[in-house]
Each structure stands twice: as C-alpha cells, then as structure tokens.
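> The amino acid sequence is not available; the structure is as follows:
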C-alpha cells in the first residue's frame, strides 16, 4: 500500500488507500473512533437551547446548549427504537420529540415524557437508562468543541500537545481537590501540572505549582517523615524562587512541629518570615502566618498562635480577601478558645462562617470545633454536640488526617463535658489511629491523654 524508497527519496501511496471502502471502514474504526474529533465552535450555538445537527465519524449527532447554557453532544437517535430523533438541521428548542412514538427529551438529555407512561417502569433507573446517549468524551479548548467516541482517550490538551494548557488544567483540578480536602489527589494533580510546566519551559507556572505541592505534604495524608523529605527536595531546587522557598520553609516548620520538634520548627518559621518580609504583606505572607500559628498551637502556646493568625488575617482583610481569611479566622477561634477567651472565640468562629464558601470544607470543619467546645463549656451541650458531630461528618470523606483527628477530638471533648466518658474515649481512639497514620506526634499525645482521662474512673485506655 505504501512504497518508501530512501535511496530514490520517494514516498508513494497506492491510490486504493484513498478510494477503498474497506480501507476507509478500517481506518474509521481503528483510528478515528479512538481519537479526538472536531465537532464545532461554541459560537455556532451562542444561546441557551440552540442546536445544530452534525455527522461525525459516520455518526449523527445533536450539538446543543441546554437550558442552563451547558454544551452537549448527543447521538441523534431515540433510545426507544433507534430512529432519527431530530430532523431539523439547526434551531432552538428546550425539547426534542421523536416523530415515531412521540418520546420527548429535554435538551440536557433527560427523558421528559412518554405516551402511555403507565405501560413502562416509573423508576429513576428506567428514566436514566432511556435518556439520550452522550458521546463518551467532550472537551472544549478556547471555544473549540472536540468529542471522542473512546472513553479512554487521553485528555484533549495532551492530544493537542499544549504543555502550558495542560499545566493550567491540572492546576485547576488540583485547586478543586484542595478545596474539597482531597489532598492526596491534589498532590498527583499538582505534580502533573509541574511536569507539564517544566516541559513548556515556563518557570513561573512551575513555581506556582511547586508552591501548592509542597504545602500538601502538611495538610494531606503523606506521613510526616516523607513530607519533610519532599519539602527539603523542593526547597533545594527552588532556584531563587522566594515564594517556593518560603512555602517549603513554613511547611517544614509545620511538619517538624507535628513531630514534636518545636525548636527546629520555630527556626524554620523565622526563616520563612524573613522571606515574607522581603515579599511584602500579601497572600503568601498571610499563608505563612497560618502555618506559624499551627506551629504555636501544637507547641502549646495559643497566645503566640493568635498573634501570628491576627497578623495574617489583618493582611487579608486589607486586601478584601475572604477565602483564606475564613480559614485563618477559624484557626484564630481555636487559639482563642485554648486561652479561655470564649467570647472572642465565638466571635471569630462566627466571622469565619460568614466568610467561608459552602464548598470550603476545611473552614467549615475547623470553625465548628472551637465553637462547639466553647458552647459545651457554657452548658449548651445539645447545640455543641450537633456542631461537633457535623464537623466529624463533613471531615469523614477527606484525606486530611490531622483535620479529621482534630474534629474527632473536639467531639470527644464535648461528650466528655457532657459526662459521656465512654463515648469520648472511643472517639479519642479513632483520632489516635488517624494521628498515628500521619505521624502527628502532638495529636497522638492529645488523643492518648483524652482516651485515658475519659475512661470511667480515669483509668488507662485499652
């Protein structure tokens, strides 16, 4: 079929490669069904409910926007009997109705109505099984809409060879996982972002992703010794990036504090603060303050923790920032509660709730802990237990082991104050298991102490 002669510098293709129906069918099945195909541009369906009908790879498709504006690509076939569903080439509609048996579908693919509905199942499973069939993969790049009939095709940006675009996409995934407290997943995503940024030769984007990757060692499931090693490696190759070096230093400070090495933690924290002073009062300095506040909380000096956290919260307030501020304010509430400054702790916990978005899982968990403990100390046990239990439930699906252990210890404290020592001890043992997985020696000691003192009679925990 192909003649390639390097001596004669010729490359010839048999004309049957372009004319044979058999070769065309095989090429379509072997090549085009397993790659990305260009469907159209978003501007072709600019408004909600717009649609166009296309044939791609021999398959008729409905290219449309639903009533919310989301772009879809459906097989132009009624799931009931397989007949062509939409017979118009383009238009605007909320519903597609099959002319054959009048089955009707919304433009998001859902089954909307069927004649003689009583003759069919009324379950959600049946309705889902009879929805319009979406193409297995659809991705949009710069307004260009691509589809693939292969669900296992590599990501579009990888297919296009856009290293910078892939780095940005993986970073967005990492940030989303971070917000949802799925730190292990975010580590993998930030690592992919670093690799693509490096391939693109973009040191600025690479540094931004290293900055996030290094902090994941503290917040996520990575054991403390491994986290320290990773941060040291990233710091060594920071290559003059002050932000990455500062991030490595304050993360190392937090990890050494988890290991109970407070002098070393403070030494590293001081080095991070010196860099923060060079960078000026910005979000990076505020984030540094959050880590130094954590160091002092673990070291048993909540007053020092509160000073660092107030500094960071003040920077963010002047900037008009809300996201990180909601987290630091929740940490500040904990530091205040640890000093017995209950009125101010309640005020800061409430402020954190006002600032936090619903999906910021860390802020939603962290603010409930000190709030619950303070309310329990004031005898409002039912309200306190509800809040602490909510925090445990919210944290349960996360891989932030220290956060989960902390939420369990807060609930154990509330139940101990309520006189339910057996339940408090059981919760403390759950927290102990999580803290041991992380290598968080401070939390291990706290959990063991609470498990012991919460035993009936104050005996040793089993």
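Received it, and whenever you're ready, just let me know what you need. What you see is a predicted model; the values in this text were computed from it and never measured.
> Please look at residue 324 and residue 284 and confirm they touch.
No. Residue 324 is beyond contact range of residue 284, at 10.2 Å (criterion: C-beta atoms under 8 Å). For glycine as for every other residue, the C-beta is placed from the backbone atoms N, C-alpha and C.
> The residue nearest to the spatial centre of the chain and residue 62, how far apart?
In the chain, the centroid-proximal residue (C-alpha atoms, centre = their mean) is residue 177; its distance is 1.2 Å. Counting by C-beta to C-beta, to the nearest Å, the gap between residue 177 and residue 62 amounts to 33 Å.
> quick one: the helices in the stretch 151-300 of the chain?
156-160, 163-179, 183-200, 203-219, 224-236, 242-258, 262-279, 283-299 (DSSP state H, counting those that start in this stretch).
> mean confidence for the fourth one?
I take that to be helix 203-219. Helix 203-219 carries an average pLDDT of 88.
> Next, the angle from that helix to helix 283-299.
Between helix 203-219 and helix 283-299, the angle comes out at 20 degrees (axes from the mean of the first three to the mean of the last three C-alpha atoms, to 10 degrees).
> which of the residues in helix 203-219 are buried?
205-219 (16 or more other C-beta atoms under 10 Å).
> My read is that the residue nearest to the centre of the chain contacts residue 193, right?
No. Residue 177 lies out of contact with residue 193 (C-beta under 8 Å); the separation is 11.6 Å.
> ok, and what's touching stretch 304-324?
281-283, 285-290, 292-297, 325, 328-329, 331-332, 335-336, 338-339, 355-357, 360 (C-beta atoms under 8 Å, 6 or more residues apart in numbering).
> Any of those residues buried? List them.
281, 283, 285-290, 292-297, 325, 328-329, 331-332, 335-336, 338, 355-356, 360.
> how long is stretch 107-117 end to end?
Counting by C-alpha to C-alpha, to the nearest Å, you get 20 Å between the two ends of stretch 107-117.
> Check the offset of that stretch from the chain's centre.
Mean-position distance between stretch 107-117 and its chain equals 34 Å (C-alpha atoms, centre = their mean, to the nearest Å).
> Neighbours of residue 3, how many?
10 (other C-beta atoms under 10 Å).
> Where does the residue nearest to it when sequence neighbours are not counted sit: helix, strand or coil?
Excluding the flanking residues, the one nearest residue 3 by C-beta to C-beta, 6 or more residues apart in numbering is residue 12, at 4.4 Å. Classification of residue 12 by DSSP: H, G, I helix; E, B strand; the rest coil places it in strand.
> Can you check what pLDDT the model gives residue 12?
77.
> and it, how many neighbours?
There are 11 residues near residue 12, going by other C-beta under 10 Å.
> Would you check how far apart it and residue 26 are?
As judged by C-beta to C-beta, residue 12 and residue 26 stand 20 Å apart.
> Residue 106 contacts residue 66, correct?
Yes. When contacts are counted by C-beta under 8 Å, residue 106 is listed as touching residue 66 (7.2 Å).
> who's in contact with the spatially closest residue to residue 235 that is not a sequence neighbour?
Nearest non-adjacent residue to residue 235, counting by C-beta to C-beta, 6+ apart: residue 248, 3.6 Å away. By C-beta under 8 Å, 6+ apart, residue 248 lies in contact with 214, 231-232, 234-235, 238.
> When you filter those down to buried only, what's left?
214, 231, 234-235, 238.
> how about JSON lines for those, with distance to residue 167 added?
Shown next, in JSON lines, are the buried ones among the contacts of residue 248 (distance: C-beta to C-beta, whole Å):
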{"residue": "214", "distance to residue 167": "17"}
{"residue": "231", "distance to residue 167": "21"}
{"residue": "234", "distance to residue 167": "17"}
{"residue": "235", "distance to residue 167": "21"}
{"residue": "238", "distance to residue 167": "18"}
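> Farthest-apart pair in the residues you listed, please.
The distance between the two most remote of the buried ones among the contacts of residue 248 (C-beta to C-beta) is 10.5 Å, for 231 and 238.
> Tell me if I am right that residue 359 is in a strand.
No. Using three-state DSSP, the secondary structure at residue 359 is coil, not a strand.
> list the contacts for it?
179-180.
> I'd like to know how many residues surround the nearest residue to residue 209 once chain neighbours are set aside.
Nearest-residue entry for residue 209: residue 193, 4.2 Å, with adjacent residues in sequence omitted and distances by C-beta to C-beta, 6+ apart. When neighbours are counted by other C-beta under 10 Å, residue 193 registers 28.
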